[in-house]
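Asks: Return atomic coordinates for the entry below.
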Amino acid sequence: MAIPALFIEAEGDGNASRPLGRWWEAFDDATLTRLQEEALVRNLDVVQAQARLRQVEALARAEKAALFPSLTLGGRAGRDRQQSAGGETTVSNQSLSVAAGYEVDLWQKLGKQSEAASLTADASREELKALYIRLTAQVADLYYLSVEQRAQLALSEHIVATLTDTLARVERRYDAGLAHPLDVYQARQNLLEAQESRPQFAAALTASDHALSILLGRFPDNTASGLLRALPAAPEAFAAGLPASLLQNRPDIGAAFLRLAARDAEMAAAIAERFPSLNLLATYGTGRIDLGALVTTGPFWNLLAQLSLPLFDAGRRRAAVDRSEAALAEAVAAYRQTVLRAVQEVEDALARNRASEERLALLTERVAATAASLRLSEYNYFEGLSEYLPVLVAQQLHFRTESALLAARRQLLADRISLARSLGGSWPETIPADHPAAQ
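Replies: Numbering: from 1, shown residues only. Here you go, the predicted model:
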């Protein structure tokens, strides 16, 4: 499978870029950086993944131990009484011995089993790095979602205050006989609609704060997002580089490749299992036999070479080879699929970033246009030059556009985060070596 030379959605010449590392520092937000550091230490998914990694590392050490001889110290003491022609005889015996065993790895069966376990452990390390990247992206996404909801709440309060003032002015015109009763009802309806939106934003803010708290390993609270009230400007889009760089920068691709290599080693071990095995056994020790009138002491030893060749197992070993071949084919397909999805994620992220930038620019212009329309319609109405309906329409359109602009600004931040996640990164460079997450 040939990887594309360039991203079709990338602009420019597609020069290779360095791994992103601590990508969230591009947002220049101290609160976000603090939350990321806390999540890397306290997130319970990370704790579980680290525990799983220790398990597979222990299994890898256990498989590697099979390559070396085993040594066992044994002792035995016994006393028994027997009947014989000469009467009763009491026998005491004691022995102390050291036994050694070693399987000669003629066909690299043990070596391939150890290699497969080691590769699986390496794959788990890469998956842990992928979890770190996903986690930091989730933290940043939820953080800015909370900030947006706070900004939406502030905008809602501003709209309510503005419409309250408008209602008061319309009522004064009505009291003076200059406005129709319908104008009052429409102004009051507009105010109630604005007030109705506030609980929705409050509920969304609470939910995002709670979700962020869980990522930080806390019980749900509303203090996780700090004091930031306004959405910051999005940083410049991260350089996409070349598609081939994903093979080094994406830990999920690295994990898929390592699992492929592990399945290949397992298949080699399954094939070697069908060939003869040679075991060497040795025992050396000293013993003492006490027959009452006769005491015998002295060393003893034995050497044994054991060769075994499987002749008939009803197809069990052949089935193990077939299973390993199928597992290898599955791992090859999984690796190819991971690469395809990685390239797709980058292409999609690049397209979304460009579309969000264009939409944000258009919405900024639209807010300016709706603001001018609102000012003119209010002037005409309060000067008695028009009816209230144009004011009602202009207010609704302008305030909805302002809310859409906030959502678009947050969406661009989310698209920057998605691009950073899809590009991967060299995780060991993102945190200090003495940080608990790095260990």
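Asks: What sits closest to residue 64 if chain neighbours are left out?
Replies: Spatial nearest neighbour of residue 64, excluding adjacent residues (C-beta to C-beta, 6 or more residues apart in numbering): residue 114 at 4.6 Å. Bear in mind the C-beta positions are built from the backbone N, C-alpha and C, glycine included.
Asks: tell me which element the one you found is part of?
Replies: helix 109-175 (DSSP states H and E).
Asks: what distance separates whatever helix or strand comes next after that helix from the middle of the whole chain?
Replies: As assigned by DSSP H and E, the chain's next helix or strand after helix 109-175 is helix 181-215. Counting by C-alpha atoms, centre = their mean, to the nearest Å, helix 181-215 is centred 33 Å from the centre of its parent chain.
Asks: Show me what helix 181-215 is packed against.
Replies: Here helix 181-215 touches helix 109-175, helix 389-423, going by 3 or more C-beta pairs under 8 Å, 6 or more residues apart in numbering; DSSP states H and E.
Asks: mind checking which of those is nearest residue 351?
Replies: helix 389-423 (9.3 Å; C-beta to C-beta).
Asks: Could you list every helix and strand in contact with the closest one?
Replies: Under the contact rule (3+ C-beta pairs under 8 Å, 6+ apart), helix 389-423 is packed against helix 109-175, helix 181-215, helix 316-382.
Asks: Those: which one's closest to residue 396?
Replies: helix 181-215 (6.8 Å).
Asks: buried ones in that closest one?
Replies: Applying a neighbour-count criterion of 16 or more other C-beta atoms under 10 Å, the buried positions in helix 181-215 are 183-184, 186-187, 190-191, 194, 197-198, 201, 204-205, 208-213, 215.
Asks: any idea which strand is longest in this structure?
Replies: strand 87-104 (DSSP state E).
Asks: Residues contacting that one, please?
Replies: 66, 68-83, 110, 277-292, 300 (C-beta atoms under 8 Å, 6 or more residues apart in numbering).
Asks: just to revisit the earlier point, correct me, but the residue nearest to residue 64 touches residue 68?
Replies: No: shown here, residue 114 and residue 68 do not form a contact pair, counting by C-beta atoms under 8 Å, at 10.4 Å.
Asks: quick one: which of the two has more around it?
Replies: Comparing residue 114 with residue 68 by other C-beta atoms under 10 Å, the one with more neighbours is residue 114, at 22 against 9.
Asks: Run through the residues that contact that one.
Replies: 60, 63, 64, 66, 67.
Asks: now residue 302
Replies: With C-beta under 8 Å, 6+ apart, residue 302 has these contacts: 281, 282, 283.
Asks: contacting residues around residue 176?
Replies: So residue 176 contacts nothing (C-beta under 8 Å, 6+ apart).
Asks: how close does it sit to residue 127?
Replies: Using C-beta to C-beta, to the nearest Å, residue 176 is found at 73 Å from residue 127.
Asks: what do you get for residue 363?
Replies: Per C-beta to C-beta, residue 363 is found 39 Å from residue 127.
Asks: Phi, psi for residue 306 please.
Replies: In terms of degrees, to the nearest 10, the main-chain angles of residue 306 are phi -120, psi 120.
Asks: One more: the one 3 residues further on?
Replies: According to degrees, to the nearest 10, the main-chain angles of residue 309 amount to phi -130, psi 120.
Asks: Scan the helices and strands of the protein for the one with the lowest mean pLDDT.
Replies: strand 70-84 (a mean of 83; mean pLDDT, DSSP states H and E).
Asks: Give me the contacts around it.
Replies: Contacts for strand 70-84 (C-beta under 8 Å, 6+ apart): 88-102, 285.
Asks: Could you work out the most separated pair of those residues?
Replies: Checking the contacts of strand 70-84 with C-beta to C-beta, the most distant pair is 88 and 102, at 44.4 Å.
Asks: between these two, who's got more neighbours?
Replies: The residue with more neighbours, out of residue 88 and residue 102, is residue 102; 15 against 9, by other C-beta under 10 Å.
Asks: Please name the bridge partners of the more buried one.
Replies: According to DSSP bridges, residue 280 are recorded as the beta-bridge partners of residue 102.
Asks: Give me the distance between it and residue 372.
Replies: 88 Å.
Asks: likewise residue 383?
Replies: For residue 383 relative to residue 372 (C-beta to C-beta), the value is 17 Å.
Asks: The two - which one has more neighbours?
Replies: residue 372 (12 against 8).
Asks: residue closest to the middle of this structure?
Replies: residue 131 (2.3 Å; C-alpha atoms, centre = their mean).
Asks: I figured it hits residue 47, correct?
Replies: No: using C-beta under 8 Å as the test, residue 131 is too far from residue 47 to be in contact (10.8 Å).
Asks: which residues are in contact with both of the two?
Replies: Common neighbours of residue 131 and residue 47, counting by C-beta under 8 Å, 6+ apart, are absent.
Asks: where does the stretch 251-400 of the chain dip in pLDDT?
Replies: Applying pLDDT under 70 to the stretch 251-400 of the chain flags the ranges 291-293.
Asks: Over to the stretch 101-250 of the chain?
Replies: 223-227.
Asks: Try it again at 80.
Replies: 222-229 (pLDDT under 80).
Asks: Now, of the contacts of strand 87-104, which are buried?
Replies: Of these, these count as buried by 16+ other C-beta under 10 Å: 110, 277, 282, 283, 285.
Asks: which residues touch the nearest residue to residue 3 once chain neighbours are set aside?
Replies: Nearest non-adjacent residue to residue 3, counting by C-beta to C-beta, 6+ apart: residue 243, 5.1 Å away. Contact analysis of residue 243 by C-beta under 8 Å, 6+ apart lists 3, 4, 5, 6, 7, 343, 346.
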